[in-house]
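Enquirer: pasting a predicted model and its sequence here:
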Amino acid sequence: MIRIITDSTCDLNNDLVEKNEYDVLPLKIIINDHEYTDTIDIKINEVYEFMRQGIIPKTAQITYEAVYSAFKNCCDSGLDLIYIAFSKAMSGCYTFASLIAQDLKQAYPDRKIEVIDSKCGSGALGLMVLQALRMVKANLSFETIVEQLHFMADHVELVFTLTDLNWIAKGGRLSRTAGYAGTLLNIKPILEVEDGKIITSRAVRGRNHSITEVVTEIVKRSKAFPNQLISITHADDPQMAYDLEDQIKNFLPECKTTINCIDSVLGVHLGIGGVGVYCFNEKPKYYIFD
């Protein structure tokens, strides 16, 4: 048997999977010098409440003990494991887990252990985890699942827009002057992933233009694979997510969609307000669509 493990940067609608099908390793959220375990001690709505008060949370990666314990429990239970990690370009989770995996491979030579750099997070990571779970149910081999996940990591797309630049300015990822001016002029940045990192590719003016830009990009990038599940996440802006979903379905009637609130870790860095859309730009060989 194969156990799928991910971390709390994964946004996956639990309606799509059964309970206890996979394990989630929690990152840490630090607020006013108090450390919270993501998804256990604190939820995203609570994080947003602190942010509305002007408090700037920080994040920290998974503890050694949490990773080691999860991996060792699988090995002790006679399970092979695949950990699909948050992008190593944005976090140390992948590198950290890889070192632990190497140690356990020596201690458990009969067990198969693989750590995958998803090169993404949020809904994109959720799409990969969902496919991994479905491939396990379909009894595909460990090696095939690993191969497919590497393919997905190379072909997953993310397009995101923010409604308020002030927050990323507060967090130091944009000058305060630029944040203030951008908000005043109703400028909405369009974010994408490049080499595993989130970058600002361009900017448009106005909410409707930003939605149109995101939809246009996703339609273009999913052109070769229209009948897939497209993930949408929002930063405490469900209406924007629903508006975007309607437009996507108009252009891609063969697709299915799922909507979630973005995870706490990326929520901390991106701020309140905005939506992200995730898809594959090419169909994986063993993609399971149901």
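Expert: Structure received. Residues are numbered from 1 along each chain as shown.
Enquirer: which residues does stretch 24-35 contact?
Expert: 5-10, 36-40, 42, 47, 50, 55, 57-63, 66-67, 70, 83, 86, 91, 93, 264-265, 268 (CB atoms under 8 Å, 6 or more residues apart in numbering). (C-beta placed from N, C-alpha, C; glycine too.)
Enquirer: which parts of that stretch are buried?
Expert: 24-29, 31 (16 or more other CB atoms under 10 Å).
Enquirer: for those residues, which one is nearest residue 278?
Expert: residue 24 (18.0 Å; CB to CB).
Enquirer: just to revisit the earlier point, can I get the buried residues of stretch 24-35 in a markdown table with secondary structure and distance to residue 253?
Expert: Formatted as a markdown table, the buried residues of stretch 24-35 follow (DSSP: H, G, I helix; E, B strand; the rest coil; distance: CB to CB, whole Å):
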| residue | secondary structure | distance to residue 253 |
| --- | --- | --- |
| 24 | strand | 33 |
| 25 | strand | 37 |
| 26 | coil | 38 |
| 27 | coil | 37 |
| 28 | strand | 42 |
| 29 | strand | 39 |
| 31 | strand | 43 |
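Enquirer: which residues of the stretch 1-150 of the chain fall in helices?
Expert: 44-52, 64-76, 93-107, 122-137, 142-155 (DSSP state H, counting those that start in this stretch).
Enquirer: pick the most deeply packed of the ones you listed.
Expert: helix 122-137 (a mean of 24; mean count of other CB atoms under 10 Å).
Enquirer: would you reformat the helices of the stretch 1-150 of the chain as TSV and include mean pLDDT and distance to residue 199?
Expert: Compiled in TSV, the helices of the stretch 1-150 of the chain are given as follows (pLDDT from 0 to 100; distance: least, CB to CB, whole Å):
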stretch	mean pLDDT	distance to residue 199
helix 44-52	93	23
helix 64-76	96	28
helix 93-107	95	19
helix 122-137	97	15
helix 142-155	98	17
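Enquirer: and the spatially most central residue of the chain, how far from residue 95?
Expert: Centroid-nearest residue in the chain, with CA atoms, centre = their mean: residue 122, separated by 1.6 Å. According to CB to CB, to the nearest Å, residue 122 and residue 95 sit 20 Å apart.
Enquirer: got it, and residue 119?
Expert: For residue 119, the distance to residue 95 - CB to CB - is 14 Å.
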